[in-house]
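[1] Let me see the structure of the following:
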Amino acid sequence: MRNRLPLFYTVTAFFWFALYTYIPYVTPYAEAMGADLRLVGLIAGAYGFTQMVVRFPLGVFSDKLQKRKIFILLGLMFAAVSGLCVFFFPSPLTLLLARGFGGVAASAWVTFVIMGASYYPPAETTKSVGILNAANALGRMAALLLGGLVAQWLGVGYVFLLGGLVGIGGLLLGIGIVERLPDTRQKPPSLADLLEVARNRQLLCASLLGILIQYIMFATTFGFTPLAATLLAATQLQLGLLGVASTIPGLLVSPIAGTLLPRKFGVKGTLGIGFALAGLGSALVPFCRELWQLFAVQIIGNTGAAAVFTLLMGLCIRDIPTERRATAMGFFQAVYGLGMFLGPFAMGWLSHGLGLMPAFFFTGAVGVLGAIAAIISANRGHLRFEDAA
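    Numbers count the residues shown, from 1 in each chain. Below is the predicted model of the structure:
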């Protein structure tokens, strides 16, 4: 089965390429088309809202069918539709709908994670998540780099076309994925099974912390940091490169965030430092007077966010039975979807009422809250990594 991993990771990269090609341009594009900051925040938050609604039932249904591939293919289809509909029908309303479609597509990440883990022994869950997140980051980095070039040469609208076409390419490649079927047919999860999964203490803690880290990421990197860059006269290419700078930490940190970092620093140290860096990356934005400073701040914040998010992804399913892991991952991703919605939504309202820069300070405070909550949870034994030092 492992000889199929290169294709699986390639499809993963295509999937995230299709979804993230146009991310740096969503909020500036919406504002340029006349949307106020509250609507801009709603557009950015629609991506998280639909994930919050779709991901948990998708995980449950995937566990019931014991199938992952079909949901991966559907995710790629929605990713393609998300980009193409904005290209052919550009408007703030279309952007809102497209970001909702993008959230439906991203909900398939549940099944990507579970299929990736199926190729490895259960003890190597966090390792599989780290490698998968590296493929995720590689796809996003390529998307943002090429998207920046396309936006600079052809215009922002064509970035959405690029995402749609790559989504179609990923869909065609995805047909070749080989699914590892369970040795025995598992019975569908009952209500009692679902409640048992949802009551898992480590899953609950990881999910609640996931809300905070996603709040920070979608309020800043995937939300309003591109608007801050436009205030510093960033070109379309520079907006794309800013997105690339945000993905480099994920590419470098994700492969070790589920193994080396918790062994060296423990869960408490890794999450505490990670949240602090993520919050710092937001709080420093108002002090940036040059574009290169904003690039540096992006790297700082996303280094912490990548470490936190990858470790939480591995921890949330670490002690969950294999046949219920998609349900658990769906629960985790549905819960943290609240942060993906609230981050840009709150940033939009705070920016409208107080100004853009005070909203970044508020988001920085969320990072401090996350660090404190992670340390308390680890001290109480609610977050455990058995192999950690």
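[2] any idea which element the residue most central in space within the chain lies in?
    Nearest to the mean C-alpha position of the chain, by C-alpha atoms, centre = their mean, lies Gln214 at 7.4 Å. Gln214 is part of helix 201-219 when elements are defined by DSSP states H and E.
[3] contacting residues around the very next helix or strand once past that helix?
    The helix or strand immediately downstream of helix 201-219 is helix 225-231, counting by DSSP H and E. If you take C-beta atoms under 8 Å, 6 or more residues apart in numbering as the criterion, helix 225-231 is touched by 24-28, 31, 40, 234, 238-239, 242-243, 246, 285, 288, 291, 294, 298, 356, 360. (Each C-beta comes from the backbone N, C-alpha and C, glycine too.)
[4] how close does Pro262 sit to Arg384?
    The gap separating Pro262 from Arg384 is 10 Å, by C-beta to C-beta, to the nearest Å.
[5] pLDDT-wise, which helix or strand of this structure ranks last?
    The helix or strand of the chain with the lowest confidence, counting by mean pLDDT, DSSP states H and E, is helix 191-198 at a mean of 71.
[6] Low-confidence regions, the stretch 151-300 of the chain specifically.
    181-194 (pLDDT under 70).
[7] all helices of it, in order?
    157-174, 191-198, 201-219, 225-231, 236-257, 260-283, 291-317 (DSSP state H, counting those that start in this stretch).
[8] can you tell me which of those comes nearest to Arg380?
    Counting by C-beta to C-beta, Arg380 lies closest to helix 201-219 out of the helices of the stretch 151-300 of the chain; the figure is 8.9 Å.
[9] now the closest one, how far from the centre of its chain.
    From the chain centre to the centre of helix 201-219 is a distance of 11 Å (C-alpha atoms, centre = their mean, to the nearest Å).
[10] Identify each buried residue in that helix, please.
    For helix 201-219, a neighbour-count test (16 or more other C-beta atoms under 10 Å) marks 202-219 as buried.
[11] now swap in stretch 361-378 and tell me
    Of the residues in stretch 361-378, 361-364, 366-367, 370-371, 373-375, 377-378 count as buried by neighbour count, 16+ other C-beta under 10 Å.
[12] Pull the most distant pair out of those.
    The span of the buried residues of stretch 361-378, defined through C-beta to C-beta, is set by Phe361 and Ala378 at 26.8 Å.
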